[in-house]
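J.: Show me the folded form of this:
(chains A and B)
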Amino acid sequence: MELRERLGRKRMTSPPGKKMFFDKVWDVHRIIDLGDGFDLLHVDRHVMHEITSTDGIEFLDNTGRTLRNADLNFATPDHVVSTAPNRKSDSIPQFTHMITSMRDNSKKHGFTLFDLGDERQGIVHVIAPEQGIALPGATLVCGDSHTCTVGGVGALSWGIGTSEVKHVMATQTIVQRRPKTLRISFDNSLSKNISSKDMILYLIGRLGAASGDGYAVEYAGPAVKSLDVEARLTLCNLSIELGAKIGQVAPDDTTYEYLNDRPFSPKGGLFDQAVRHWRTLPSDEGAAADKEVSIDASAIQPQVTWGTSPEHVVGINETIPDPKSADSDVKKRAWEAALKYMDLEPGKPISKTPIDIVFIGSCTNSRLSDIHAAADVAEGKKVAKGVRGLVVPGSGLVKKAAEFDGSAEILRNAGFEWREPGCSMCVAMNDDVVASGKRTVSTSNRNFEGRQGDGARTHLASPATAAASAIAGFICDPRQLKS
Amino acid sequence: MEPFLKIDGVAVPVWRANVDTDAIIPIAFCVNRKRPHFDEGLFHRWRFDENGESTNFTLNDKRYSDPKIMIGGNNFGCGSSREMAVWALVDYGIRSVIAPSFGEIFFNNCFQNGVLPIQLLEKEVEDLVREVETSENPLMTIDLEEQKIGSPAGNHIAFDVNGLRKNALLLGLDPIEATLSQSDAIDAFQKKDRATRPWIYSPGE
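T.: This next block holds a predicted model:
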């Protein structure tokens, strides 16, 4: 993004009375205008996992403070938990204290905990919408950058650091600089067998990993409207990989239907009242974002990353790019380093690259529809010899549903490991680690150096592409396997 | 928090686009650790090879020992929200990072820890990197009050900083104390908001 654009805060103006979705929601939450572009905002929901919340609770204890609104705080362990069958709190001894202290803190401070052993436990960004904690037009923060995920139900959500976690705990508010708005319109329809993961990777490849910096992104257009809520969550999940800490899809009937009757959604008359409010939130006809981008959704092919930034992405039938064609010195150096790390040669096709591991899971792609997409490809086939395939459902409820409808069995019969819910190989804190020099196709969101283990080589892709690659033994277009 | 006034010290370049917070501090160094020991994890995978031997990464270069300033490429600090990335820099002695653009959460986390992130044009940063790389003494100064950088060759570069953030850094303000002093405004907001959005305040009812 242009420096002056970021610092200048020059805004395009909408016609009088016309507002963007983002602006309506932001304004509802403003408690105090702090000046210089900053506001004190109300936080409607604070969600915690065991890594970033521990310091926050310690801070409360050390300063004799309490959670200002315990009812609005929710937690689950996900990052460090084992995903092995029959896992326990002490399955990984060096992390046991993080899980047990969360349990103790929940009793002491009164926040709701979805603990290990509870079928509602899972990855924070999977369970927040699943439980109806994330709601349209509600602010939701969490000490985790992928909190943008739940913008898929129309929440105004973003990831925060530990200092901000403490602030939220003590005050139920947050000091934020108002971002500008960027509307990305996906026009036309997606081709058959193209997922929202392909949409967002394609977008990051086109615009770059820093292009969303300073913006709240709204995904719009017919190809977004026609996505179900789970696909919208995947789309919003990688907003941070686009450089934007906020990504949203405006709520509509698809959203309300999804949220109706979730455990923490409003009930009865209150739900109807909420829907009436939610219906007022989408951007007004004629309102303008600070920046507008259009993407032809019909041009999108299955995407796979080749490098160590999510912007290092190509269509599955394309070749690995040459650093000589990079448009700046700093980018050229990054491409060279990425190719060296990934042990890939420029000019070669990305497909047919042999792989060692396939990981289907993470807050990006571990919901029931993702499991179904993988099972559709894997049905009646076998994971290639020498390839390890892991499927890690995003929550206990996803796991249960997939076991009930038979998709878990299809994947197990194909030779995939079927594991317990958690962040698993996306963050690689537990035993789910890619060994040095090994190559993985992963449905997660980060292909950074060492992200999935020291020396691990990550190719990001959709669940269908990941499953197809597991069966082929190399990076493979799922459409080839299906036909 | 320690007020931020002027810095005078060695500047080290990490001249690569999209340096992510996983690179700045691998996740294994983020847990079971207290301040000020996060520096042990700083750029661990780039400072050491798989045998634990020092690499030729700039932080291992004697010319850049004891740095106070880091110069990075665009989108510096992208990725994970882990504040440990900033803690690792602070524990190592870094008080300012200069780059063409930053990961937004990292950018914000810097201010929370008395670190000044400075955004310059890519050309300006590239020129600074060249100067630092070719200078015998890669020393720079940063004056927040004057909003000026002094390069190793003695050039001066002006930078922008948000007024509210500048003030907070100069005074070392604690944002939690500041907000707690506004408790009445928060109470009033919640009371009014509860009437219009009751479902927010009683989840699941």
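
J.: okay, CA-based contacts and neighbour counts for the rest of this
T.: Fine.

J.: any idea which residue sits dead centre in the chain?
T.: Since you didn't name a chain, this refers to chain A. A:Asn237 (2.6 Å; CA atoms, centre = their mean).

J.: Oops, wrong one, chain B.
T.: So for chain B, CA atoms, centre = their mean, it's B:Cys110, sitting 3.7 Å from the centre.

J.: CA-only coordinates of the helix or strand hosting that one in PDB, if you can.
T.: According to DSSP states H and E, B:Cys110 maps onto helix B:104-112. Extracted in PDB, the C-alpha atoms of helix B:104-112 (Å, rounded to 0.1, in the frame of the first residue of the first chain):
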ATOM      1  CA  GLU B 104      -0.900  -4.300  11.100                       C
ATOM      2  CA  ILE B 105      -1.100  -6.200  14.400                       C
ATOM      3  CA  PHE B 106       2.700  -6.200  14.800                       C
ATOM      4  CA  PHE B 107       2.700  -2.400  14.100                       C
ATOM      5  CA  ASN B 108       0.200  -1.900  16.900                       C
ATOM      6  CA  ASN B 109       2.000  -4.300  19.200                       C
ATOM      7  CA  CYS B 110       5.200  -2.200  18.800                       C
ATOM      8  CA  PHE B 111       3.500   0.900  20.300                       C
ATOM      9  CA  GLN B 112       2.200  -1.200  23.200                       C
END
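
J.: Return the nearest residue of chain A with respect to chain B.
T.: Nearest residue of chain A to chain B: A:Phe264, at 3.6 Å (CA to the nearest CA).

J.: Wasn't that residue part of a strand?
T.: No - the assignment for A:Phe264 (DSSP: H, G, I helix; E, B strand; the rest coil) gives coil, which keeps it out of a strand.

J.: measure it to A:Gln172 for me?
T.: Noted for A:Phe264: a distance of 19 Å to A:Gln172, by CA to CA, to the nearest Å.

J.: just to revisit the earlier point, neighbours of the closest residue to the residue of chain A closest to chain B other than its chain neighbours, how many?
T.: Closest residue to A:Phe264 apart from its sequence neighbours, by CA to CA, 6 or more residues apart in numbering or on different chains: B:Gly204 at 3.6 Å. The tally of other residues near B:Gly204 (other CA atoms under 10 Å in any protein chain shown) stands at 18.

J.: thought B:Gly204 was touching A:Leu270?
T.: No - contact criterion CA atoms under 8 Å: B:Gly204 and A:Leu270 do not qualify, at 9.8 Å.

J.: Output the below-cut-off pLDDT ranges for chain A.
T.: A:1-12, A:482-483 (pLDDT under 70).

J.: Tell me which residues are up against the longest strand along chain A.
T.: When chain A is parsed with DSSP state E, its longest strand is strand A:180-187. Contacts to strand A:180-187, defined as CA atoms under 8 Å, 6 or more residues apart in numbering or on different chains, come from residues A:9, A:11, A:22, A:212, A:214-224, A:289-298.

J.: what does stretch A:291-300 give?
T.: Under CA under 8 Å, 6+ apart, the answer for stretch A:291-300 is A:181-191, A:194, A:198-199, A:202-203, A:223.

J.: buried ones in it?
T.: Of all the residues in stretch A:291-300, those buried under the rule 16 or more other CA atoms under 10 Å in any protein chain shown are A:295, A:297-298, A:300.

J.: coming back round to it: give the rounded mean pLDDT of the helix or strand following the helix holding B:Cys110.
T.: Sequence order places strand B:116-119 as the next helix or strand after helix B:104-112, per DSSP H and E. In this model, strand B:116-119 has an average pLDDT of 98.

J.: can you give me the helices in chain B?
T.: With DSSP state H as the criterion, chain B has helices at B:21-24, B:44-47, B:84-92, B:104-112, B:122-134, B:163-171, B:175-180, B:183-196, B:198-201.

J.: I should have written the stretch 301-450 of chain A there, sorry.
T.: A:329-342, A:368-378, A:396-405, A:407-413 (DSSP state H, counting those that start in this stretch).

J.: what does stretch A:55-62 rub up against?
T.: Taking CA under 8 Å, 6+ apart as the rule, stretch A:55-62 contacts A:66-67, A:105, A:162-163, A:165-166, A:169-170.

J.: Farthest pair within these?
T.: A:Asn105 and A:Ser163 (18.5 Å; CA to CA).

J.: and these two? which has more neighbours close in?
T.: A:Ser163 (20 against 16).

J.: Now chain B against chain A: closest residue?
T.: For chain B, CA to the nearest CA, closest residue to chain A: B:Gly204, 3.6 Å.

J.: List the contacts of that residue.
T.: So B:Gly204 contacts A:132, A:262-267 (CA under 8 Å, 6+ apart).

J.: any idea how far it is from B:Leu164?
T.: 38 Å.

J.: can you tell me if stretch B:171-189 touches chain A.
T.: Yes - Stretch B:171-189 is in contact with chain A by CA under 8 Å from any CA of the partner chain, via B:175-176, B:179-180, B:183, B:185-186, B:189.

J.: what mean pLDDT does that stretch have?
T.: 95.

J.: For it, which outside residues touch it?
T.: A:31-32, A:42, A:166-167, A:170-171, B:1-4, B:114, B:168.

J.: Now the terminal residues of that stretch, how far apart.
T.: End-to-end distance (CA to CA), stretch B:171-189: 29 Å.

J.: Was I right to think A:Val275 contacts A:Glu257?
T.: No - with contact defined as CA under 8 Å, A:Val275 does not count as touching A:Glu257 (10.2 Å).

J.: And the pLDDT for the residue nearest to the centre of chain B?
T.: 97.

J.: any idea how far it is from B:Phe76?
T.: 12 Å.

J.: cool, A:Leu201 as well?
T.: In terms of CA to CA, A:Leu201 sits 20 Å off from B:Phe76.

J.: Pull the number of nearby residues for B:His82.
T.: For the record, residue B:82 is Arg, not His. By other CA under 10 Å, the burial measure for B:Arg82, its neighbour count, is 26.

J.: In terms of neighbours, single out the busier of A:Val275 and A:Glu257.
T.: The neighbour comparison of A:Val275 against A:Glu257 (other CA under 10 Å) goes to A:Val275, with 20 against 11.

J.: is it true that that one lies in a strand?
T.: No - under the criterion used here (three-state DSSP), A:Val275 is helix, not part of a strand.

J.: thinking again about what came up before, for burial, what's the neighbour tally of the residue lying closest to the residue nearest to the centre of chain A once chain neighbours are set aside?
T.: Excluding the flanking residues, the one nearest A:Asn237 by CA to CA, 6+ apart is A:Thr149, at 3.8 Å. By the criterion of other CA under 10 Å, A:Thr149 has 35 neighbours.

J.: Same question for B:Ile7.
T.: B:Ile7, neighbours per other CA under 10 Å, totals 17.

J.: likewise A:Gly64?
T.: That count, for A:Gly64 with other CA under 10 Å as the rule, works out to 8.

J.: ok, so of the contacts of stretch A:55-62, who is nearest A:Ile51?
T.: Out of those, the member with the shortest distance to A:Ile51 (by CA to CA) is A:Thr162, at 9.5 Å.
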